[in-house]
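**Q** make a model of this:
(one chain, ligands or ions: 2)
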Amino acid sequence: MPPPKILIVGCGIAGPTLASFLLLSDVPPSQKPHITILEREAKGRAHLRGQNIDIRGAGVTIIRKLGLEAQIRAATTGEEGVQLVDENNTVWSQRGVDKTGTIQSGTADIEILRGRLSELCWKNSQRISAEAEAGGARGIEYIFGDCLREIKQKDDKVHVLLAKSGERRIFDLIVGADGMQSRTRKLVWGEEGEKERLKPIGMYAGFFSIPREDHDGNWRRWFHAPDRRGIMIRPDGVGARSTIFMYVVNDKDPRFLEVANKGNGNAQAQKALLEEYFKDAGWECERIIREMKVTDDFYYDTVSQVKMDTWNKGRVVLLGDAGYCASPISGMGTTLAFSAAYKLAGYLQTYIKGESSDPFSSLVKYNEQMRPIVEDAQQLAPGQPHVYNPETAWGIWILHVLVFSLSYTRILFIVTKFFGRILHLGPQAADYVPVEEFGFKDMSQWEVDDAGRKR
Ligand SMILES: Cc1cc2nc3c(=O)[nH]c(=O)nc-3n(C[C@H](O)[C@H](O)[C@H](O)COP(=O)(O)OP(=O)(O)OC[C@H]3O[C@@H](n4cnc5c(N)ncnc54)[C@H](O)[C@@H]3O)c2cc1C
Ligand SMILES: *[C@@H]1O[C@H](CO)[C@@H](O)[C@H](O)[C@H]1NC(C)=O
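**A** Residues are numbered from 1 along each chain as shown. Ligands and ions are numbered 1, 2, ... in the order given. Modelled structure (predicted):
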């Protein structure tokens, strides 16, 4: 049997991770799969946007296996913890990063910018590909700046049409790792059912960066404004800029969804809407809005979860946010993407080794194993996001006083430690994602210098 031809759509976090593990399979070079990664964004833009994300629990084990841990740790944002502040920047309570690993709190041990992480994942896959090529295997083919227009399954193959180049290609398996708004999902499962699959949780957010000012420091400052509005200002790890997460919890104004649906070509309208909602919010909003207007890394979306009964249809399978986005407020997105990519590569071993002639038993296993993990990750704390984002100034005051007293008396820590798992207070689920052994080549000893070259 010739090696399977696999198309991975999306060069974010999950896509290049899957490609890397597939090439690290314990099979002779001639048997390694032929992998193509198709990324919609142009090379220079693909790894520009996205702000602070974290890697926890099982996710840390996986980046170690990829030989990425040292590079990622060298590129973290250095966030020291979370502070709740009011309009005068008075700190009502603060919670530092938990380095002991006792509980998963707001700030993880590994905090990194999403663009930087996806770039590291991509470059690492290139190095793994170069090694495989040197050993006689076919390396990864990367296509940037194009996407799929058509996916058709017939006779054990998947036929695709590329939108820009107009090229037709044939694959044995397609993996849609193209994020929450996955076009692979829409093409294969149909546009009609999208309402049932992509579930907004009533929160809309802009992510971007602004020039850093001295008082920004290394703590995340979280400001609440009435009408369930909030802003987090966070360190970027480099020092020249601070990152912004600006959100509104709103079930009434349809424009939040409308501007999201038009996608990233619609940044002007998205910025204008956020400006309208924050221009009278006080605090540092004037500075943040002024800088938002000129930033080049603006990204806006609904905060949503993707829910589906199965993650494959024939030879097309969804991976990461595309199939089961848990949303940024779950704190689980990156860890899910890493562990799912690792598992999918693992379950596909029987297919790659030729022990089974098609990928279906692997995909059944993937569905079965991911189901409980996804359900756990998608459970948000009771009342999220409404309780955490009060309607009135009074509500905000009560939130501040409550969190202040609960953390001062350490009740918050104790409750999180003993009940955090069942109440889903924070992303405790990250510690419970199993990491099986699949016999991949272990890259953890792959020491690299800053330039990314082997020593
Ligand atoms: C631009 C961007 C910014 C983000 N910023 C944040 C953030 O600030 N905070 C946060 O918590 N999470 C953010 N996320 C989500 C976060 O990256 C994911 O939750 C998580 O890392 C899971 O990764 P993934 O690989 O499944 O999906 P993603 O990281 O979303 O990667 C999907 C990839 O597929 C590409 N793609 C999309 N559509 C197509 C298509 N039709 N054809 C080909 N390629 C396509 C995208 O450009 C992207 O590179 C962001 C995602 C993106 C795409
Ligand atoms: C912030 O300071 C101003 C001026 O001192 C004061 O009027 C206001 O009540 C303060 N806000 C809060 C939330 O304490």
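**Q** low-confidence stretches in this protein?
**A** Residue ranges of the chain with pLDDT under 70: 100-102, 264, 446-455.
**Q** and the residue of the stretch 351-455 of the chain that's closest to ligand 2?
**A** Closest residue of the stretch 351-455 of the chain to ligand 2, CB to the nearest ligand atom: W397 (7.4 Å). Bear in mind the C-beta positions are built from the backbone N, C-alpha and C, glycine included.
**Q** quick one: contacts of the biggest helix by length in the chain?
**A** Ranked by residue count and defined by DSSP state H, the top helix of the chain is helix 114-134. Contacting residues not belonging to helix 114-134 are listed as 11-13, 15-17, 19-20, 23-24, 29, 32, 37, 46-53, 55, 66-68, 71-72, 75, 138-140, 142, 237, 297, 334, 443, 452, 454 [CB atoms under 8 Å, 6 or more residues apart in numbering].
**Q** can you tell me how far the closest residue to P328 other than its chain neighbours sits from Q268?
**A** Ranked by CB to CB, 6 or more residues apart in numbering and with sequence neighbours excluded, the top spatial neighbour of P328 is V303, at 6.2 Å. Relative to Q268, V303 is positioned 21 Å away (criterion: CB to CB, to the nearest Å).
**Q** can you pick out the residue with more neighbours from the two?
**A** The residue with more neighbours, out of V303 and Q268 and counting by other CB atoms under 10 Å, is V303; that gives 21 against 11.
**Q** surely the more buried one forms part of a helix?
**A** No - assignment of V303 by DSSP: H, G, I helix; E, B strand; the rest coil gives strand, placing it outside any helix.
**Q** that one bridge partners, please.
**A** The residues paired with V303 through beta bridges, assigned by DSSP bridges, are M203.
**Q** my read: it touches K199, true?
**A** No - counting by CB atoms under 8 Å, V303 sits too far from K199 to count as a contact (10.3 Å).
**Q** how about the residues of the stretch 51-200 of the chain that lie near ligand 2?
**A** 86-88 (CB under 6 Å from any ligand atom).
**Q** mind telling me what element D54 is part of?
**A** D54 belongs to strand 52-55 when assigned by DSSP states H and E.
**Q** actually Y300, not the one I wrote
**A** strand 299-306.
**Q** and the helices in the stretch 101-250 of the chain, which stretches?
**A** Using DSSP state H, counting those that start in this stretch, the helices assigned to the stretch 101-250 of the chain run over residues 114-134, 183-189, 194-197.
**Q** what is the second one packed up against?
**A** For helix 183-189, the packing partners by 3 or more CB pairs under 8 Å, 6 or more residues apart in numbering; DSSP states H and E come out as strand 148-154, strand 173-176, helix 194-197, strand 316-318, helix 321-324.
**Q** could you rerun that using 6 Å?
**A** Under the contact criterion of 3 or more CB pairs under 6 Å, 6 or more residues apart in numbering; DSSP states H and E, helix 183-189 touches no helix or strand at all.
**Q** what's in contact with that helix?
**A** 9, 151, 176, 178, 313, 316, 318, 322 (CB atoms under 6 Å, 6 or more residues apart in numbering).
**Q** and it, how far out from the chain middle?
**A** Here the centre of mass of C-alpha atoms in helix 183-189, compared against the chain's by CA atoms, centre = their mean, to the nearest Å, lies 19 Å away.
**Q** now the last one
**A** Taking CA atoms, centre = their mean, the mean C-alpha location of helix 194-197 is offset from the chain mean by 20 Å.
**Q** same thing with the first one?
**A** Computed by CA atoms, centre = their mean, the separation of helix 114-134 from the middle of its chain amounts to 17 Å.
**Q** now do the longest helix of the chain against strand 299-306, angle only.
**A** Using axes from the mean of the first three to the mean of the last three CA atoms, to 10 degrees, the interaxial angle of helix 114-134 with respect to strand 299-306 works out to 70 degrees.
**Q** name the residues of helix 114-134 that come out as buried.
**A** Of the residues in helix 114-134, those scored as buried under the neighbour-count criterion (16 or more other CB atoms under 10 Å) are 114-129, 131-132.
**Q** before we move on, what about stretch 243-258?
**A** Counting neighbours by 16+ other CB under 10 Å, one finds that the buried residues in stretch 243-258 are 243-250, 255-256.
**Q** which of the contacts of helix 114-134 are close to ligand 1?
**A** The overlap between these and the neighbourhood of ligand 1 (criterion: CB under 6 Å from any ligand atom) consists of 11-13, 15, 46, 49-51, 53, 334.
**Q** farthest-apart pair in the residues you listed, please.
**A** Pairwise distances across these (CB to CB) peak at 19.7 Å, for the pair G15 and Q51.
**Q** which of these two has more neighbours?
**A** G15 (30 against 24).
**Q** could you export the ones next to ligand 1 among the contacts of helix 114-134 as a markdown table, including secondary structure and distance to R185?
**A** Below are these laid out as a markdown table (DSSP: H, G, I helix; E, B strand; the rest coil; distance: CB to CB, whole Å):
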| residue | secondary structure | distance to R185 |
| --- | --- | --- |
| C11 | coil | 17 |
| G12 | coil | 14 |
| I13 | coil | 17 |
| G15 | helix | 14 |
| A46 | helix | 20 |
| R49 | coil | 21 |
| G50 | coil | 20 |
| Q51 | coil | 24 |
| I53 | strand | 21 |
| T334 | helix | 20 |
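**Q** need the buried ones from the residues you listed selected in PyMOL.
**A** The following PyMOL line selects those of those that are buried, judged by 16+ other CB under 10 Å:
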select buried, resi 11+12+13+15+46+49+50+51+53+334
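**Q** over to whatever residue of the stretch 201-350 of the chain ends up closest to ligand 1: give its phi and psi.
**A** Of all residues in the stretch 201-350 of the chain, the one sitting closest to ligand 1 is G320 (2.3 Å; CB to the nearest ligand atom). In terms of degrees, to the nearest 10, the main-chain angles of G320 are phi 70, psi -150.
**Q** OK, contacts around it?
**A** Residues near G320 by CB under 6 Å, 6+ apart: 14, 177, 337.
**Q** where's the nearest residue to G263 once chain neighbours are set aside relative to F144, distance?
**A** In this structure, G263 finds its nearest non-sequential neighbour in Q181, 7.3 Å apart by CB to CB, 6+ apart. With distances taken as CB to CB, Q181 is found 18 Å from F144.
**Q** one more: I53?
**A** Separation of I53 from F144 (CB to CB): 22 Å.
**Q** where does the stretch 251-400 of the chain come near ligand 1, residue by residue?
**A** Counting by CB under 6 Å from any ligand atom, the residues of the stretch 251-400 of the chain that sit close to ligand 1 are 299, 320-321, 328, 333-334, 337.
**Q** turn those residues into a markdown table, including distance to Q379.
**A** Supplementary listing: these in a markdown table, determined by distance: CB to CB, whole Å:
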| residue | distance to Q379 |
| --- | --- |
| Y299 | 26 |
| G320 | 18 |
| D321 | 17 |
| P328 | 15 |
| G333 | 14 |
| T334 | 17 |
| A337 | 18 |
